[in-house]
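# coords please:
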Amino acid sequence: PYRRQRQMCIRDSPKGSQSEFNMKWGSLTMRDLKHLNWFENLLQEANNALIAQAKQEGKICVAFVCENTPEPLMNLGNAFGIRLHAPNTGSMDIATYYMTSFLCETSRALLERAIEGGFNFADCVVAPDGCTMINRCVENMELLKTMGEGNDKFFHEFMEIPLKADENGVELLVLQCKNHILKPLSENYGIDVSDAAVRKAVEEHNRVCRVITEIGNFRKEARPRITGYEFHVLTLATYVMPQYLIIDKLEETLEEIKSRKTDAEKDYRVRVVVVGSEIDDPQLIKLIEGCGALVVADRYCYGSFPGRQEIVLTDDEDALTQVCRHYVYNGHCPRMFNMEKVYGRKAYVNDIAREYNAEGIIYQQIKFCDPWAYERLLGSTMLREEYNYPVLSVDRPYNISSSVGQMRTRVQAFVESMEIKKIQGGKQ
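Just a heads-up that it's a prediction; the model follows:
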C-alpha cells in the first residue's frame, strides 16, 4: 500500500523534469542545467543513493530535524549530517493515531516515514526543542523503535535551545551541543570532536554556503539566470544529501550558470520572496512560478537565508562557541521571543526583498505549525502595513500535491492583484 500511495502521489502531482516544467508551467525557457535532473531524482527518496554510498564508505549518518541544530557539528570527521524529510508523502493515518490531527503535518509526515522504515539509514537522531511538535515526533520515533535495529550504538538526543538571542543563550547552546552532539558522537562512534575538527567542518560548510550564495546572487538580475525552483532543488540537496558527494556538481553548476543565456525579454509577471515554515518539496516553488511569480529569495526552513550563510571564525575564541553564537544571533526562527528578534525578523525579510528587487511577499505556513502561525499573522501584517509590500498569507498541507488547485488559485489572484496595483500607480 505504501508503494502504491507514493506512486499515486508522483503521478498526480506537478512533477517532472525541468524541461517538462518549462513546457507545462511557463517558466524561463533557458537551457536545462546539466545536473538538475540528477538532483531532482535523488530528492524523490529520503534514503537516496548518495546516503547509501556514504554508508558503504563507512560514514556515520547523523540525522537531524530542525534548522536550530548547528549543522557543521554533524559533519565532523567521519560523520555526515542529513536533515530528515518525507518526499511524496501519502497517508499519515498511523502517525496521526500516535500524534493526533492537531499537530503539524511535517511532524506527522516524518513519523509516518520513520514507521514505514524510510529512515533506517540513520545512525543517530538529534532533535532540538525548536517546537513541541517536532520534539514529540522524535520521541515517538524512539518509543516505537523505528530506527537503530541491530545497532547498539544508535542514540536519540534531545537538546534544549535558547528562547532569546543573548550571551546566556550562547552559553546554553554550547552546553547542549557538548552534551547532546559532541559527547555521544565521540563516545559511541569515536568521532573527532576537537577544536581543529570543528574548524575543518566549518570550512567545508562554508564552501557549500559560498557556492549556494553565489548561485543565489544571480536572482538579483532583472532576468535571472536561474529560477527559484532550480535554486531550491540545489539548496535542498545540500540539506538532505551528503555534502561531500555533491559539492563538485554544485561548483560545476555554478560555472554553468555564469555563462547561461536568458531570454531577451522577461517572461515572469512579478518577483516575490517566499517566507515561512519548512519547504522541503520544490513542487511548491514550481507551482508559484507557474503562476507567473518568480521566486527571487527564500526565507524558510530548508532555504538559503539564513541556513546557507557562511560562519566566520577567528582565533580569539574556541570554534564551538563561535558556531553556537552564529546560530543564536543569525537565526530567524520564530522560536526566538526577545523583541529584537521579533521585529528583526520582519526587517530581515524587508532587507532581503529590497536586495533581490522583490515586489511582493508570500508568507506560507504548514497547517498546525504553531510558531509560524503566530509569526505569519504578525509578519504579514507588519510587512503590509509598515513596509508597504503586497502580501499573500496562506497555510498549506505538507504535500502540496494534495492542494494544487486551491494554492494555484490563491497565487494567481495575488499575482493579478499586484499587476492591478501597478496599473493603478501603486494606489490601494
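# quick one: buried residues of the helix or strand harbouring Phe231?
Taking DSSP states H and E as the criterion, Phe231 maps to helix 228-240. The neighbour-count check on helix 228-240 (16 or more other CB atoms under 10 Å) flags 228-240 as buried. C-betas here are computed from N, CA, C, even on glycine.
# Please apply the same query to stretch 347-361.
Within stretch 347-361, the residues scored as buried using 16+ other CB under 10 Å are Tyr348, Val349, Asn350, Ile352, Ala353, Tyr356, Ala358, Glu359, Gly360, Ile361.
# Pull the number of nearby residues for Val312.
Val312 has 9 neighbouring residues, counting by other CB atoms under 10 Å.
# Among the buried residues of stretch 347-361, name the ones in strands.
Of the buried residues of stretch 347-361, the ones assigned to strands by DSSP state E are Gly360, Ile361.
# Make JSON lines out of the buried residues of stretch 347-361 and add distance to Lys164.
Below are those laid out as JSON lines (distance: CB to CB, whole Å):
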{"residue": "Tyr348", "distance to Lys164": "17"}
{"residue": "Val349", "distance to Lys164": "20"}
{"residue": "Asn350", "distance to Lys164": "22"}
{"residue": "Ile352", "distance to Lys164": "23"}
{"residue": "Ala353", "distance to Lys164": "26"}
{"residue": "Tyr356", "distance to Lys164": "29"}
{"residue": "Ala358", "distance to Lys164": "30"}
{"residue": "Glu359", "distance to Lys164": "34"}
{"residue": "Gly360", "distance to Lys164": "31"}
{"residue": "Ile361", "distance to Lys164": "26"}
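# so which of the buried residues of stretch 347-361 comes closest to Val342?
Lowest distance from Val342 to those (CB to CB) belongs to Tyr348, with 11.3 Å.
# Tell me which residues touch the nearest residue to the closest one once chain neighbours are set aside, please.
What sits nearest to Tyr348 in space, not counting adjacent residues and going by CB to CB, 6 or more residues apart in numbering, is His332, at 5.7 Å. Contact partners of His332, counting by CB atoms under 8 Å, 6 or more residues apart in numbering, are Arg299, Phe305, Pro306, Lys341, Gly344, Arg345, Tyr348.
# any idea how far His332 is from Glu105?
Taking CB to CB, to the nearest Å as the measure, His332 falls 22 Å from Glu105.
# which two in the buried residues of stretch 347-361 are spaced the farthest apart?
Across the buried residues of stretch 347-361 (CB to CB), the longest gap, 17.9 Å, separates Tyr348 and Glu359.
# Which stretches in the stretch 251-400 of the chain count as helices?
Secondary structure of the stretch 251-400 of the chain, counting by DSSP state H, counting those that start in this stretch: helices at 282-290, 319-330, 339-355, 370-385.
# tell me the contacts of Val274?
Gly228, Ile285, Ile288, Val295, Ala297, Asp298, Arg299, Tyr300, Gly303, Ile362, Gln364.
# For the chain, which element, helix or strand, carries the lowest mean pLDDT?
helix 2-12 (a mean of 36; mean pLDDT, DSSP states H and E).
# show me where pLDDT drops low in the stretch 251-400 of the chain?
264 (pLDDT under 70).
# rerun that using 80 as the cut-off
Applying pLDDT under 80 to the stretch 251-400 of the chain flags the ranges 263-266.
# And for the stretch 1-150 of the chain?
1-30.
# Strands along the stretch 101-250 of the chain, start to end?
124-128, 155-159 (DSSP state E, counting those that start in this stretch).
# Please name whichever of those is nearest to Pro72.
Proximity to Pro72 (CB to CB) singles out strand 124-128 among the strands of the stretch 101-250 of the chain, at 12.9 Å.
# now the angle from that closest one to strand 155-159?
Orientation check (axes from the mean of the first three to the mean of the last three CA atoms, to 10 degrees): strand 124-128 against strand 155-159 gives 10 degrees.
# Quick one: list the elements packing against strand 124-128.
In this structure, strand 124-128 packs against strand 60-64, helix 132-143, strand 155-159, helix 183-189, with contacts taken as 3 or more CB pairs under 8 Å, 6 or more residues apart in numbering; DSSP states H and E.
# now do 7 Å
strand 60-64, helix 132-143, strand 155-159 (3 or more CB pairs under 7 Å, 6 or more residues apart in numbering; DSSP states H and E).
# Quickly compare these and say which is most buried.
Compared across these, strand 60-64 shows the largest average neighbour count, a mean of 24 (mean count of other CB atoms under 10 Å).
# And the next helix or strand after that strand, how far out from the chain middle?
Helices and strands here follow DSSP H and E; after strand 60-64, the next one along the chain is strand 79-83. Remark: strand 79-83 is offset 14 Å from the chain centroid, using CA atoms, centre = their mean, to the nearest Å.
# which helices and strands sit right next to the biggest helix by length in the chain?
Determined from DSSP state H, the single longest helix within the chain is helix 195-217. Applying 3+ CB pairs under 7 Å, 6+ apart, we find helix 195-217 packed against helix 228-240, helix 247-258, helix 319-330.
# now the angle between helix 228-240 and it, please.
Using the same axes, to 10 degrees: helix 195-217 against helix 228-240 is 170 degrees.
# Residue numbering should commence at 634 henceforth.
Sure thing, new numbering starts at 634, so read that last one as helix 828-850.
# Which positions in helix 828-850 come out as buried?
830-835, 838-842, 844-845, 848-849.
# now what about the helix holding Phe864, what contacts it?
Contact with helix 861-873 is made by 651, 654, 660, 666, 669, 672-673, 675-676, 715-716, 718, 841, 845, 848-849, 852, 879, 883, 886, 913, 915, 918-919, 922, 927-929, 931, 935-937, 941, as judged by CB atoms under 7 Å, 6 or more residues apart in numbering.
# closest one to Arg1041 among the helices and strands packed on helix 828-850?
Closest to Arg1041 of these is helix 861-873 (CB to CB; 14.7 Å).
# circling back to that earlier point, show the buried residues in the contacts of Val907.
Gly861, Ile918, Ile921, Val928, Ala930, Asp931, Arg932, Tyr933, Gly936, Ile995, Gln997.
# Identify, from these, the entry nearest to Thr779.
Using CB to CB, these come closest to Thr779 at Tyr933, 26.6 Å.
# Name whatever forms a beta bridge with Arg904.
Note on Arg904: beta-bridge partners by DSSP bridges are Leu927.
# That one touches Ala930, doesn't it?
No: Arg904 is not in contact with Ala930 according to CB atoms under 7 Å; the separation is 8.8 Å.
# tell me, what's touching these two both at once?
Ala991.
# hang on, the earlier thing: would you mind saying which of the strands of the stretch 734-883 of the chain lies nearest Glu1049?
Closest to Glu1049 of the strands of the stretch 734-883 of the chain is strand 757-761 (CB to CB; 40.8 Å).
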